[in-house]
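> Here is my input; please provide its structure:
(one chain, ligands or ions: 2)
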Amino acid sequence: MYNICVQLILNNNSKSTDQLYTYGVPAELEEKVQAGKRVTVNFGRNRHIIDGLIVSVSSSWDIPDNKIKSIIDVIDDMPVVSLEMIKLISWIRERYVCKYSDAVKLMIPSMIKYEHSILISAKEELFAEISLSEKEQSLFEIIKNGSIELEKLKKIYAGKDIYALLDSLKDKNIIDMTSSEQQSGKRSYEKLLSLREYKTIDEYDINKTPSQIKIINYLKQNKKVNIKKIVNDLDVSQAVINNLLKKEILTQDLVLYEEEEETKKEEALMLNEEQTYACEDILNSKNNVFLLHGVTGSGKTEVYMNVIEHYRKQNKQSIVLVPEISLTVQTIKRFKKRFGNKIAVFHSKLGKKEKFIQWNKVYNKEVDVIIGARSAIFAPVKDLGVIIIDEEHEDSYVSSTTPKYDTIEVAIRMSVILNAKVVLGSATPSLNTYSMVLKNQVELLELNQRAKNSEMPDVEIIDMSKELDKGNNTIISEKLYESIRLSLGKKEQVILFLNKRGYSGFVSCKKCGYVAKCDHCDVSMTYHIKGNVLKCHYCGRTRIMTYTCPKCGSDKIEQFSAGTQQVENLVKKLFPKANTARMDVDSMSGKSSYENIYNDFKDGKIDILIGTQMLAKGFDFPEVTTVGVLSADALLNLPFYNSSEKTFQLITQVSGRAGRGNKKGKVFIQTYEPENYIINAAKNNDYEMFMKEELRLRKEFAFPPFINIINICVISKNEKLAVDTANEKYNELQIKVKDMVKERMVLLYRPIPHSIYKVNDEYRINLFLKVSRRSLQYVKDIMRTVYLDKDIENIKISININTDTV
Ligand SMILES: Nc1ncnc2c1ncn2[C@@H]1O[C@H](COP(=O)(O)OP(=O)(O)OP(=O)(O)O)[C@@H](O)[C@H]1O
Ligand SMILES: [Zn+2]
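Ligands and ions are numbered 1, 2, ... in the order given. Reported below is the predicted structural model:
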């Protein structure tokens with residue numbers, strides 16, 4: 001009956017359809033089918049129309065022809081997923097124990113996801129001779145005068161099953177079903193706003209709210225601006241703009257999306273000896289995967305750019321991944337200066353359409369360089385030269401949503417499938433990566449000198465318990481204070497780092513111990529001076545701050561510990577003449593406020609910058625001479641098995657911001673544990689000592705990279721259901737891995753409530769396994785049968801391989 005068949009991954013979220021399906025190809029579509037294109041098919045008892053991705057086309061199959069259904073149509077003119085990426089889809093499904101459809105979602109941007117917009121239309125006039133049932137006739141009446149979208153038809157037939165009906169009409173050759181969406185999304189428009197008339201503010205007939213005035217003044221200066229940019233830059237709501245449009249004060253034009261203007265190109269720097277060696281080795285070595293371990297300020301970025309340049313000349317594309325937080329103008333500018341506009345940028349703030357534009361630029365090979373956060377690794381490159389992962393030790397390279405892939409593992413896999421190079425860069429490589437170096441799976445390249453010949457900074461550990469003896473109970477030690485004073489006197493700059501957000505930690509009652517917690521998440525809320533509210537950092541809900549304890553009624557409610565706002569207030573008191581600014585997630589409402597502070601600091605308008613993790617990455621300011629790590633202990637004591645590693649990395653990175661110009665930098669690490677080996681290794685910039693000691697401990701306590709930790713989380717709004725399901729599954733699992741536990745290949749722990757039990761009204765039960773490397777695949781197969789066998793109503797399952805939290 002069929003000449004060819006296709007194997008499909010269906011775009012369906014159900015666990016029970018997580019397999020490859022075979023469909024027949026009608027003769028008229030034979031030319032069009034190709035692996036990597038999407039098709040529409042009928043599926044299931046209700047014959048729903050859904051789309052699927054072709055993973056292979058074959059001319060022989062072992063299912064009887066009469067059991068094979070036919071595809072309806074081919075959606076794409078060109079494959080949207082390459083053959084190599086189809087291979088990667090299967091690998092991801094195996095490696096991270098997820099569904100095919102989860103992996104496919106990574107590769108196809110939502111804009112081109114097929115939205116079921118199928119058009120149904122009547123064929124010629126030959127219907128007169130065919131007898132129709134009553135039902136068929138009434139449906140035919142609807143469509144005979146023009147086509148209708150399936151979605152609309154479904155609404156008309158509200159709830160009733162129309163698929164069987166459509167099918168029989170199709171069999172009788174009376175209707176056509178085509179997909180209407182093929183072309184959409186290819187052209188893209190942006191909305192530009194401008195003022196209809198220029199008048200003084202008083203002359204406008206409006207209430208003159210601050211937002212309205214802001215918008216008008218802004219447009220007077222900037223003439224025509226993209227609506228999104230206004231919302232972003234001015235922090236105003238779309239509603240205000242709509243209102244001004246309605247009042248005919250603003251007008252809007254729709255124009256085809258245009259490229260930004262050309263940035264002035266800059267020539268490459270002359271590489272120093274270490275950089276030259278690294279570049280040449282990456283290009284000429286027979287190895288494919290490299291760790292570029294370079295001290296802070298050693299010029300890793302120059303190495304990346306040179307390697308990219310090389311592949312560009314061979315007409316190959318390159319992918320550069322950076323942590324989301326450093327995906328800011330300065331990184332992009334640096335690459336633009338070198339590569340002009342042949343760059344596509346992916347970051348999480350892009351809307352669907354913008355993402356689609358970038359995706360197309362890559363797909364059509366209009367760009368040579370793709371810069372983005374982790375998901376940019378799935379950009380549709382044609383000829384891949386190199387994948388660069390900068391700051392490879394960052395947590396953000398592990399996906400926090402299913403599939404919970406590790407970008408480094410994916411990159412290494414891609415280097416095999418696509419025969420491309422991978423360069424992992426860091427001043428503080430993760431132990432995982434370093435253990436691959438020790439096993440000769442990754443080639444090590446080192447940059448031991450700072451690029452501009454500036455020296456590494458002096459680092460001093462300050463014992464904070466001695467400060468109290470001296471009568472100083474602030475969070476700034478005497479020595480740090482003195483160094484800040486000296487730096488300011490020489491018109492140099494200061495960075496103070498604190499690993500916390502908000503004005504203070506939690507809020508509690510000193511009398512009865514009541515702690516203000518979020519009603520929806522099982523975590524304490526944090527006080528924010530702005531708006532005088534308590535805020536939950538998990539779900540974002542806020543509540544007005546209370547001053548009487550809701551439990552005992554006393555007024556001993558207080559905020560504890562220091563946050564960046566408190567430090568800012570203290571610093572302003574200590575150095576009233578200095579310009580002080582703060583940079584953390586809370587003070588940064590939009591991308592633009594981050595850029596403003598960044599630029600002000602760069603231009604020397606800010607003397608002291610206080611902030612959190614945001615400061616640690618990629619800041620390259622030559623005038624910074626004093627850096628203070630205010631509380632190193634706050635990091636060390638986090639409940640993660642790798643918190644030592646994180647502490648070492650952060651201290652080293654923050655310290656690395658000092659003395660990057662021609663002036664010597666000074667760094668002060670404040671701690672109550674001055675003897676701690678992590679803090680001392682960071683002080684001495686001794687990666688090797690840290691690495692050896694930490695690996696020894698990991699081995700002793702059986703933690704990654706020596707063993708795999710698997711975390712399975714059972715999630716439900718129904719607490720009892722979550723607990724019961726977790727226990728049931730645990731019992732099932734226990735039986736299946738019994739022998740492996742006996743042989744000490746697997747350690748299975750009982751299900752326990754997640755350390756944050758409730759988030760957004762969902763209860764979470766965790767289960768951990770430690771699995772030897774050799775048994776990993778076997779255990780994963782078991783997990784799939786136990787946890788991903790079929791959907792359980794109102795239950796979500798999240799699987800994490802080698803997670804950080806224990
Ligand atoms: N060969 C070179 N000659 C002169 N200056 C250089 C050279 N290579 C890099 N630089 C400069 O040195 C500074 C540090 O370089 P870069 O930011 O690339 O270092 P990095 O290793 O990425 O640093 P970090 O990891 O600390 O962010 C930059 O200002 C850069 O322009
Ligand atoms: Zn909450």
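
> C-alpha from now on. contacts and neighbour counts both.
OK.

> What sits closest to residue 82 if chain neighbours are left out?
residue 36 (5.8 Å; CA to CA, 6 or more residues apart in numbering).

> packing partners for the helix or strand that contains residue 680?
Assessed by DSSP states H and E, residue 680 sits inside helix 677-683. Applying 3 or more CA pairs under 8 Å, 6 or more residues apart in numbering; DSSP states H and E, one finds that helix 677-683 contacts strand 458-463, helix 643-655, helix 687-700.

> any chance you could map the strands in the stretch 551-700 of the chain?
Shown for the stretch 551-700 of the chain, the strands assigned by DSSP state E, counting those that start in this stretch span residues 557-559, 580-583, 608-611, 624-629, 666-671.

> got the CA positions of the helix holding residue 680 in PDB?
The C-alpha trace of helix 677-683 is given here as PDB (Å, rounded to 0.1, in the frame of the first residue of the first chain):
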ATOM      1  CA  TYR A 677      41.600  25.300  53.800                       C
ATOM      2  CA  ILE A 678      39.200  26.600  51.100                       C
ATOM      3  CA  ILE A 679      39.600  30.200  52.200                       C
ATOM      4  CA  ASN A 680      43.400  29.700  52.300                       C
ATOM      5  CA  ALA A 681      43.500  28.100  48.900                       C
ATOM      6  CA  ALA A 682      41.600  31.000  47.500                       C
ATOM      7  CA  LYS A 683      43.900  33.500  49.200                       C
END
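
> For it, list every residue counted as buried.
For helix 677-683, burial by neighbour count (16 or more other CA atoms under 10 Å) applies to 677-683.

> Report the mean confidence score over that helix.
Average pLDDT, helix 677-683: 92.

> Save the strands of the stretch 551-700 of the chain as a markdown table, and put in distance to residue 390, mean pLDDT and mean neighbour count too.
What follows is these, written out as a markdown table (distance: least, CA to CA, whole Å; pLDDT from 0 to 100; neighbours: other CA atoms under 10 Å):
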| stretch | distance to residue 390 | mean pLDDT | mean neighbour count |
| --- | --- | --- | --- |
| strand 557-559 | 38 | 75 | 19 |
| strand 580-583 | 22 | 89 | 21 |
| strand 608-611 | 22 | 92 | 24 |
| strand 624-629 | 23 | 94 | 28 |
| strand 666-671 | 24 | 93 | 24 |
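
> quick one: which of those is nearest ligand 1?
strand 624-629 (12.8 Å; CA to the nearest ligand atom).

> now do the same end-to-end measure for stretch 38-54.
In terms of CA to CA, to the nearest Å, the two terminal residues of stretch 38-54 are separated by 6 Å.

> Mind listing residues that contact it?
Stretch 38-54 is contacted by residues 6-12, 33-37, 69-76, 79-80, 114, 116, 161, 163-164 when judged by CA atoms under 8 Å, 6 or more residues apart in numbering.

> Give me the domain ranges for this structure.
Structural domains annotated on the chain: 5-112, 118-179, 189-256, 273-445, 458-503+562-700, 510-558, 708-801, as defined by automatic domain parsing.

> near ligand 1 at all, stretch 599-608?
No: Stretch 599-608 does not reach ligand 1 (CA under 6 Å from any ligand atom); its nearest approach is 12.3 Å.

> go on, stretch 446-458?
Yes: part of stretch 446-458 sits near ligand 1 under the criterion CA under 6 Å from any ligand atom, namely 451-452.

> Could you pull out the buried residues of the longest helix anywhere in the chain?
For the chain, the longest helix by residue count, based on DSSP state H, is helix 719-736. Across helix 719-736, burial judged by 16+ other CA under 10 Å covers 719, 721-723, 725-727, 729-730, 732-734.

> Contacts for it next, please.
The contact list for helix 719-736 (CA under 8 Å, 6+ apart) reads 714-716, 748, 750-751, 762-766, 782-783, 786-787, 795.

> any idea of the angle whichever strand or helix holds residue 481 forms with strand 458-463?
Here residue 481 is covered by helix 478-489, with elements defined by DSSP H and E. Here the directions of helix 478-489 and strand 458-463 differ by 140 degrees (axes from the mean of the first three to the mean of the last three CA atoms, to 10 degrees).

> which helices and strands does helix 478-489 pack with?
strand 493-497, strand 624-629.

> how about the helices in the stretch 101-250 of the chain?
134-143, 150-156, 163-171, 210-222, 227-234, 238-246 (DSSP state H, counting those that start in this stretch).

> Which one of those helices lies nearest to ligand 2?
Within the helices of the stretch 101-250 of the chain, the stretch nearest ligand 2 is helix 227-234; the backing value is 25.4 Å (CA to the ion).

> Which secondary structure elements does that closest one sit against?
Judged by 3+ CA pairs under 8 Å, 6+ apart, helix 227-234 is in contact with strand 189-195, helix 210-222, helix 591-602.

> try 7 Å this time
For helix 227-234, the elements it packs on are strand 189-195, judged by 3 or more CA pairs under 7 Å, 6 or more residues apart in numbering; DSSP states H and E.

> mind putting the helices and strands packed on helix 478-489 in TSV, distance to ligand 2 included?
Shown next, in TSV, are these (distance: least, CA to the ion, whole Å):
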stretch	distance to ligand 2
strand 493-497	26
strand 624-629	29
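
> State the distance from the nearest residue to residue 378 once chain neighbours are set aside to ligand 2.
With CA to CA, 6+ apart as the criterion, residue 378 has its nearest non-adjacent residue at 5.5 Å, and that residue is residue 107. Distance of residue 107 to ligand 2, computed by CA to the ion, to the nearest Å: 32 Å.

> closest point of the stretch 651-800 of the chain to ligand 1, which residue?
Among all residues of the stretch 651-800 of the chain, residue 656 sits closest to ligand 1, at 5.8 Å; criterion: CA to the nearest ligand atom.

> Give me the neighbour count for that residue.
A count of neighbours around residue 656, defined by other CA atoms under 10 Å, yields 25.

> Grab the nearest non-local neighbour of it.
Per CA to CA, 6+ apart, closest to residue 656 is residue 296, 5.2 Å.

> Then residue 201?
Nearest non-adjacent residue to residue 201, counting by CA to CA, 6+ apart: residue 213, 7.1 Å away.
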